[in-house]
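Participant: fold the following.
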Amino acid sequence: MYTAVTIMQPTNKALLLRLKADHPTIEFVGGTTFKWSHQRRELTIGDGPELYLLHELAHALLDHRDFQFDIELLRHEREAWDYVRSDLAPKYAVSMHEELVEESLDTYREWMHLRSLCPSCGLTGLQTKTSTYVCTNCRCSWRPNDARRHALRRYKLT
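Facilitator: Take a look at the predicted model:
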C-alpha cells in the first residue's frame, strides 16, 4: 500500500547490517514489498526508501499482530510511524519525511473508506464484525475482500 516517493535513497547495506545485529530475533528477507509477518518473525525488505524498512521494524518491535477491525489497522500504522519518528529514525540517523508518512497513511485511509462503501446505495456503512459491514441507510450487509494489494471486491450477504 505504499506510494512511490523519491525523496529518499533506497535501503543501504550498512543500515541493514546494523538492524540485523540489533534485532537478531527478526529474520530479514528480500522481496518486492516491505512487510512484517508476526507469525514467521520475518521482515521482508522491498524496493524503496529505508524509512519503510524502519516502519516495518516498528511493527515488529511494537508486537503488532493481526487486526479484527479495519480501524485497528490504521491505528497500527499510525503507532508504527510514531515509533519511527520518536525512536528508530533518530537512533539509525534516518531523516523523517512527513509527506511520505502522510501519503502512506492516506493509502490506508482510502482503503478503509472504499471498503466501507455500500455496494447497493453507495453510502458509508459501519463495520460490525471482522470484515462485515452494514449500511445504516438501506440495511445491506457485505463483506469486502482484503484488497490491500489487489482489487477491492464487496460481496453482499444474504
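Participant: skip the chain neighbours and tell me the closest residue to Arg40.
Facilitator: Nearest residue to Arg40, sequence neighbours excluded (C-beta to C-beta, 6 or more residues apart in numbering): Glu27, at 7.2 Å. Backbone N, C-alpha and C define where each C-beta goes, glycine included.
Participant: per-residue pLDDT of Asp146, please?
Facilitator: Per-residue pLDDT puts Asp146 at 78.
Participant: hang on, the earlier thing: distance-wise, check the residue nearest to Arg40 relative to Glu42.
Facilitator: Remark: distance between Glu27 and Glu42 (C-beta to C-beta, to the nearest Å) = 5 Å.
Participant: returning to what we had before: neighbours of the residue nearest to Arg40, how many?
Facilitator: Neighbourhood size, Glu27 [other C-beta atoms under 10 Å]: 13.
Participant: can you pull the phi/psi pair for it?
Facilitator: When read as degrees, to the nearest 10, the backbone of Glu27 gives phi -90, psi 130.
Participant: switch to numbering from 31
Facilitator: Right, with 31 as the first residue, what we last looked at is Glu57.
Participant: how about Cys170, what does it touch?
Facilitator: Cys170 makes contact with 148-151, 155, 164, 186, according to C-beta atoms under 8 Å, 6 or more residues apart in numbering.
Participant: quick one: which of those has the most company?
Facilitator: Gly155 (24 neighbours).
Participant: alright, that wraps it up for me.
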